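Enquirer: Structure for this input, please:
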Amino acid sequence: MNLKTPGSAAPNPDDLLILLAVARTGRFTTAAETLGLNHTTVSRRIAALEKGLGGRTLARTVGGWELTDLGRKAVRAAEDVETAVATIHEGEVETGRITGVVRISATDGFSAFIIAPAVAQLRRKHPNLSVEIVNVTRRALQHRSGLDLEVVVGEPQVHRAEAIRLGDYTLGMYASRRYLDEFGTPAGVKELSAHGLVYFVDSMLQVDDLDAPRRLVPGMPDALSSTNVFVQVEATRAGAGIGFLPCFMADPHPDLVRLLPVDFAERLPYWMVLRPDSLRQPAVAAVADALRRRTVDVEDALLGTERLER
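Expert: Take a look at the predicted model:
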């Protein structure tokens, strides 16, 4: 790709690689740490690159720095430089070739059940790969600076991003055996109103698709609410109330009983969202593929059919 304009010099390859680092992290400080430079040097080299190209390569957003149209062209050239440098080591053993840091935003349950084992397996072949996970339950971001990919619940409405449906999971009503012995087993939906709900904090819930229990049983009072699904599972096991839980997280616990599975089997999709340039990065592409394969492999557990079929 030719980034030269009439009368201008070719961009400095080192400056292009610095821009690539900023584009992948969304922040000058993080890019500087990755490159072993200081923030001032990164800022100065980006300014020099922009002067040579005759325009801005980055635009500031709420979440960090995003590429401009010129910046995207420059990053594609930077990736060519990165690939060319990598060919110097083409004679080396294939194992360990994928390197770098991949930053992911995902729900805590998906991170533990899908991402952690998928990355563990991937790193056996590529030990120089590093993955950072930020656990949140929210809609997909419109500006995802600093993130290589997001995993969200529900179909995302995003711009300048690629959205890939990974698969579905099911939520159901669960209670501990001890709780049911003490308070009785509800025989129908109406009887649930006499029991407390263990679920997300309603006022902080950012995903509309996760409103099922309060929509289906509006008379069910909140017993214990948490933004962390692991807290919800443990609170349900401890007898704090009846939990509306992902089946793949509740079913492994023999002390939990699934209640009214015909009435409560809320099926929701997981989607993966990536910046348009992310899949051109070997590390991101490898992680994305590992997440897809792991999701397919554990489909029965995600859908809550494993225990029902036993």
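Enquirer: helices and strands around the helix or strand hosting Gly172, which ones?
Expert: Gly172 belongs to strand 162-176 when assigned by DSSP states H and E. Counting contacts by 3 or more C-beta pairs under 8 Å, 6 or more residues apart in numbering; DSSP states H and E, strand 162-176 is packed against helix 229-237, strand 242-246, helix 247-250, strand 256-259, strand 266-274, helix 282-297, helix 299-303. From N, CA and C alone the C-beta is placed, and that goes for glycine too.
Enquirer: closest to Thr61 out of the ones you listed?
Expert: strand 266-274 (15.8 Å; C-beta to C-beta).
Enquirer: contacts for the closest one?
Expert: Contacts to strand 266-274, defined as C-beta atoms under 8 Å, 6 or more residues apart in numbering, come from residues 110, 140, 144, 148-156, 158, 161-172, 209-210, 212, 244, 284, 288, 291-292, 295, 303.
Enquirer: For those, I'd like a selection string for ChimeraX - just the buried members, please.
Expert: Filtering those down to the buried ones (16 or more other C-beta atoms under 10 Å) takes a single ChimeraX command:
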select :110,140,144,148,149,150,151,152,153,156,158,161,166,167,169,170,171,172,210,212,244,284,288,291,292,295,303
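Enquirer: Next, the nearest residue to Asp263 once chain neighbours are set aside: phi, psi?
Expert: Closest residue to Asp263 apart from its sequence neighbours, by C-beta to C-beta, 6 or more residues apart in numbering: Val189 at 5.4 Å. Backbone torsions for Val189, taken as degrees, to the nearest 10, come to phi -60, psi -40.
Enquirer: can you give me the helices for the stretch 51-200 of the chain?
Expert: 69-86, 108-110, 116-125, 177-183 (DSSP state H, counting those that start in this stretch).
Enquirer: As CSV, those helices with distance to Arg27 and mean pLDDT would be great.
Expert: Putting these into CSV (distance: least, C-beta to C-beta, whole Å; pLDDT from 0 to 100) gives the following:
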stretch, distance to Arg27, mean pLDDT
helix 69-86, 15, 79
helix 108-110, 24, 95
helix 116-125, 23, 96
helix 177-183, 46, 97
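Enquirer: Would you tell me which one of those is buried the most?
Expert: Highest mean neighbour count of the helices of the stretch 51-200 of the chain: helix 108-110, a mean of 23 (counted as mean count of other C-beta atoms under 10 Å).
Enquirer: So which elements touch that one?
Expert: Applying 3+ C-beta pairs under 8 Å, 6+ apart, we find helix 108-110 packed against helix 229-237.
Enquirer: tell me the mean pLDDT for the helix it packs on?
Expert: Taken as a whole, helix 229-237 has a mean pLDDT of 97.
Enquirer: Work out the gap between that helix and the centre of the chain.
Expert: 21 Å (C-alpha atoms, centre = their mean, to the nearest Å).
Enquirer: list the buried ones in that helix?
Expert: By 16+ other C-beta under 10 Å, the buried positions in helix 229-237 come out as 229, 232-237.
Enquirer: how much does that helix deviate in direction from strand 162-176?
Expert: 20 degrees (axes from the mean of the first three to the mean of the last three C-alpha atoms, to 10 degrees).
Enquirer: Under the pLDDT cut-off, which ranges of the stretch 51-200 of the chain? List them.
Expert: Filtered on pLDDT under 70, the stretch 51-200 of the chain yields the residue ranges 63, 83, 85-96, 139-146, 158-160.
Enquirer: Beta-bridge partners for the nearest residue to Val207 once chain neighbours are set aside, please?
Expert: Nearest non-adjacent residue to Val207, counting by C-beta to C-beta, 6+ apart: Val153, 5.1 Å away. Following DSSP bridges, Val153 is listed with bridge partners Tyr270.
Enquirer: ok now do Val153, which residues does it touch?
Expert: Residues near Val153 by C-beta under 8 Å, 6+ apart: 107, 137, 207, 209-210, 268-271.
Enquirer: filter those residues to the buried ones?
Expert: 107, 137, 210, 268, 270-271.
Enquirer: Just put these in TSV and tack on distance to Thr99.
Expert: Output for the buried ones among the contacts of Val153, formatted as TSV (distance: C-beta to C-beta, whole Å):
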residue	distance to Thr99
Thr107	27
Thr137	30
Leu210	36
Leu268	34
Tyr270	27
Trp271	27
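Enquirer: No further questions, thank you.
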